[in-house]
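[1] What follows is a protein structure lacking sequence information:
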């Protein structure tokens, strides 16, 4: 059983190109269905065009809407970053407020002296 080295190279190249093609196809479909600016009919039209003529459909999509793909992806990433930062900020603020409320309860209950309360409050606010 012989399989020449050139055939191994060509087989590897075809497999790589096939995987690359599938990745590109999935990227186009994910961009297509995530885009809120397109109507349902436009999405259906692009989908049918891409499924009936896959190579031509994807290449036409990339030419027609390729620049917007990057911008839409960047907007999604920026929005995700903004949402994450807002979540962290509110979580940190809520945590401090809860700790301060707990310290006030301990002080009012008599478990903490005023000096201990001030030290603990300064420690919470410094964190």
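    Nice, I can see it. Every value quoted in this text rests on a predicted model; they were computed, and no experiment measured them.
[2] ranges for the helices of the chain?
    Under the criterion DSSP state H, helices of the chain are mapped to 5-34, 40-52, 54-109, 114-126.
[3] quick one, the third one and helix 114-126 angle?
    Using axes from the mean of the first three to the mean of the last three CA atoms, to 10 degrees, the direction of helix 54-109 lies 170 degrees away from that of helix 114-126.
[4] Check the average confidence over helix 54-109, would you?
    Average pLDDT, helix 54-109: 87.
[5] by contact count, what packs against it?
    Taking 3 or more CB pairs under 8 Å, 6 or more residues apart in numbering; DSSP states H and E as contact, the helices and strands that helix 54-109 lies on are helix 5-34, helix 40-52, helix 114-126. For the C-beta atoms, the positions are set from N, CA and C on the backbone; glycine is no exception.
[6] now the ones you listed in TSV, with distance to residue 79 and mean neighbour count?
    Shown next, in TSV, are the helices and strands packed on helix 54-109 (distance: least, CB to CB, whole Å; neighbours: other CB atoms under 10 Å):
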stretch	distance to residue 79	mean neighbour count
helix 5-34	12	12
helix 40-52	21	13
helix 114-126	31	12
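[7] I'd like these as TSV, with distance to residue 68 appended.
    Rendered in TSV, the data for the helices and strands packed on helix 54-109 read as follows (distance: least, CB to CB, whole Å):
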stretch	distance to residue 68
helix 5-34	8
helix 40-52	13
helix 114-126	46
